[in-house]
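Colleague: the sequence isn't on hand, but the structure is:
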Ligand code: GUN
């Protein structure tokens with residue numbers, strides 16, 4: 001048996017199309033959604049992500065601003081930029097690219113963002129709203145995963161979902177979203193006992209640990225839906241390539257459906273960022 005591939009590239013292009021249509025409709029009222037991205041330092045991977053965010057934001061018809069601060073920028077300088085963006089009515093979404101340099105208190109920076117403009121969904125208020133099932137800004141990667149799961153499976157209620165990884169960015173919000181869909185949710189992590197058996201119980205397996213090919217096919221229940229959030233760079237025959245947290249070649253023989261890496265979850269993250277920016281703009285304009 002070979003699993004169906006869940007095509008995140010095609011799906012994200014549909015989502016971006018819907019966002020662009022929403023932006024076009026707003027423009028008839030003279031409203032243009034705007035996203036400000038803040039990058040501190042010169043991490044090459046972050047620079048690529050930020051550039052791609054800018055390109056796709058403009059392609060959707062939105063305003064895009066990039067604010068680049070040097071690696072040695074002070075906490076006060078960053079806080080003052082956030083205050084400016086909070087006060088700017090043309091800015092509907094603010095994203096501070098992570099990781100931040102070590103001398104910066106990332107939690108304080110995130111919690112200084114106006115929660116209504118927190119398109120990452122990382123502000124403590126949005127975390128609390130999501131955790132209590134209220135209207136929140138939802139973190140982009142888990143939101144993209146949920147969209148793909150709903151598209152593939154329809155009603156998720158009663159399914160056993162296992163999320164491997166407990167990060168604030170992916171694992172925890174993913175578990176909250178799946179609970180909101182009435183799944184029976186397990187969060188597994190590095191201390192989990194008998195991780196293979198826990199994974200084998202999953203109808204839905206979400207891998208978000210950041211360890212290349214950690215989950216082999218024999219940890220996967222036959223027919224399960226596998227969402228691989230990992231984007232790991234490995235050296236392979238003298239060249240660098242991207243692999244997920246799931247060992248794709250063995251998993252594809254067992255799963256019912258699986259997201260490839262690249263081309264699965266990755267493209268959905270920016271599409272959901274654009275969707276969140278549109279949502280923030282609509283809420284700001286009643
Ligand atoms: N760095 C890696 N992923 C993310 C993300 O989703 N949001 C932000 N702000 N930074 C990141």
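Modeller: The structure has been received and is ready for your questions. It should be emphasised that the depicted structure is a prediction, and the values quoted were computed from it without experimental measurement.

Colleague: which residue does the protein bring closest to the ligand?
Modeller: Residue of the chain nearest the ligand, by Cβ to the nearest ligand atom: residue 98 (3.6 Å). Every C-beta, even on glycine, is put in place using the N, C-alpha and C of the backbone.

Colleague: tell me how many other residues crowd that residue.
Modeller: Using other Cβ atoms under 10 Å, residue 98 has 15 neighbouring residues.

Colleague: identify the residues contacting it.
Modeller: Residue 98 is in contact with 106, 169, counting by Cβ atoms under 8 Å, 6 or more residues apart in numbering.

Colleague: tell me the SS of it?
Modeller: Put simply, residue 98 is coil when judged by DSSP: H, G, I helix; E, B strand; the rest coil.

Colleague: need the strands for the stretch 51-200 of the chain, in chain order.
Modeller: Using DSSP state E, counting those that start in this stretch, the strands assigned to the stretch 51-200 of the chain run over residues 63-69, 93-96, 160-164, 184-188.

Colleague: can you list those strands in a markdown table and add mean pLDDT?
Modeller: Below are these laid out as a markdown table (pLDDT from 0 to 100):
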| stretch | mean pLDDT |
| --- | --- |
| strand 63-69 | 98 |
| strand 93-96 | 98 |
| strand 160-164 | 99 |
| strand 184-188 | 98 |
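
Colleague: got those as CSV, with distance to the ligand and mean neighbour count columns?
Modeller: As requested, these are exported to CSV (distance: least, Cβ to the nearest ligand atom, whole Å; neighbours: other Cβ atoms under 10 Å):
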stretch, distance to the ligand, mean neighbour count
strand 63-69, 13, 17
strand 93-96, 5, 26
strand 160-164, 16, 26
strand 184-188, 19, 19
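
Colleague: isn't residue 109 up against residue 78?
Modeller: Yes. Under the criterion of Cβ atoms under 8 Å, residue 109 makes contact with residue 78 at 5.8 Å.

Colleague: ok, the two, which is more surrounded?
Modeller: Neighbours per residue, other Cβ under 10 Å: of residue 109 and residue 78, the larger number sits with residue 78, 23 against 20.

Colleague: on that earlier part again, make CSV from the strands of the stretch 51-200 of the chain and add distance to residue 32 to it.
Modeller: Formatted as CSV, those follow (distance: least, Cβ to Cβ, whole Å):
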stretch, distance to residue 32
strand 63-69, 5
strand 93-96, 12
strand 160-164, 37
strand 184-188, 39
